[in-house]
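Colleague: Build me a model from this:
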Amino acid sequence: MAEQGPTPPHLCGLAVALPSDLSAIERALAGGPFADYVGRGAIRGGASVLWAEGFGAVANAVCTLVDGASRLGVMVQQDATLEDLGRLFANRSVVTLVAHWRGPQLTKQDLLTDPNVIGGRLAEEQSALPILFRTGLASDWWESLKKASTDAALPSRLAEFLDRRLSQLPPLKSPPPGTSWHMDLITLRHENRAALDEWWPQAFKPGNRVELADGLHPPEVMGAIVPDSWMGIADLSNCQSAQLVSAIKQHRCDRVVIANQYETKPLRRLTLLTVIYDLLSKSAINYADARIALAAKMRVAL
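Modeller: Coordinates of the predicted model:
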């Protein structure tokens, strides 16, 4: 277990990759940084609507956290890129990341190829993934789906069908010989989405990515920026961040990775971190101990 002693703020690094003002929301809606995070709410309206419906509160909490942490001596990088995050790992023993996780969910916007071609390959191809995909499905699943859909509705219907399949057994990747997979439902969805993306990269916009200011990054890329010599605490404050644990920890007993299995509310997480840095500045307390204890108290209070 790394970093057993007190953690003063000057040992901490904070990378924040979320919009911090209305103009950042507008740029994201136009395809700029944080487009995936903001774009998921675009159906509700433009930037001003999203700002009023919650994005503004999160942006204000980002500014409060960044300002407070900087004053206390935390090494802070706002609008963090992959390079920025690597710099924090190189210079601090405690690194906290606040970012958006693009999960395994598959929508029609993720289909980059004609849905008739995608469905046809999955229904007929005799390679490993399509065979596993069809296991447990009716033999006429593809014909039935096409009959029930108009040409305009087919992309949405196919995406919904594929997304449901991601939550079902068997996994879309066979285990090593002589072994079997044992996964919880969340991990199963992530692994199935990864297998589908790998099977045909040109057909799908990939899932399972951390969104930083310079775009979306897969877990293996995130793990590669951590220096081999680094030992300490990584606090991954993004939704379903447990999917990043193995990439960061790399079986090292001198690395502690704090993560969560489920979706998290950014406003609550930003408030939690603001309080933690204040505690570290006033008490001889370890970051991991403070983080876990305070999170537990917040869950009880809620």
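Colleague: mind exporting the helix-or-strand element of the chain with minimal mean pLDDT as PDB, just the C-alpha atoms?
Modeller: Considering only helices and strands, the least confidently modelled element of the chain by mean pLDDT, DSSP states H and E is helix 287-301, at a mean of 80. What follows is helix 287-301 as a C-alpha-only set of coordinates in PDB (Å, rounded to 0.1, in the frame of the first residue of the first chain):
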ATOM      1  CA  TYR A 287      -5.300  11.300   0.900                       C
ATOM      2  CA  ALA A 288      -6.800   7.800   0.400                       C
ATOM      3  CA  ASP A 289      -8.000   7.600   4.000                       C
ATOM      4  CA  ALA A 290      -9.700  11.000   3.700                       C
ATOM      5  CA  ARG A 291     -11.100  10.300   0.300                       C
ATOM      6  CA  ILE A 292     -12.700   6.900   1.200                       C
ATOM      7  CA  ALA A 293     -14.000   8.100   4.600                       C
ATOM      8  CA  LEU A 294     -15.500  11.300   3.300                       C
ATOM      9  CA  ALA A 295     -17.200   9.500   0.400                       C
ATOM     10  CA  ALA A 296     -18.700   7.000   2.800                       C
ATOM     11  CA  LYS A 297     -20.100   9.800   5.000                       C
ATOM     12  CA  MET A 298     -21.600  11.500   2.000                       C
ATOM     13  CA  ARG A 299     -23.300   8.200   0.900                       C
ATOM     14  CA  VAL A 300     -24.800   7.800   4.400                       C
ATOM     15  CA  ALA A 301     -26.000  11.400   4.400                       C
END
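Colleague: quick one: buried residues of that helix?
Modeller: Judged by neighbour count using 16 or more other CB atoms under 10 Å, the buried positions of helix 287-301 are 287, 288, 290, 291, 295. Heads up, the C-betas are built off the backbone N, CA and C, glycines and all.
Colleague: Could you do stretch 103-123 as well?
Modeller: Within stretch 103-123, the residues that qualify as buried are 103, 104, 106, 108, 110, 111, 115, 118, 119, 121, 122, 123, counting by 16+ other CB under 10 Å.
Colleague: The third one contacts residue 164, doesn't it?
Modeller: Right, the one you point to is residue 106. No - here residue 106 does not reach residue 164: they are 9.4 Å apart, not a contact under CB atoms under 8 Å.
Colleague: Which parts of the stretch 201-302 of the chain are strands?
Modeller: For the stretch 201-302 of the chain, the strands defined by DSSP state E, counting those that start in this stretch cover 209-212, 215-217, 232-237, 255-258.
Colleague: Contacts for the second one, please.
Modeller: The contact list for strand 215-217, computed with CB atoms under 8 Å, 6 or more residues apart in numbering, reads 36, 82, 102, 206, 209, 210, 211.
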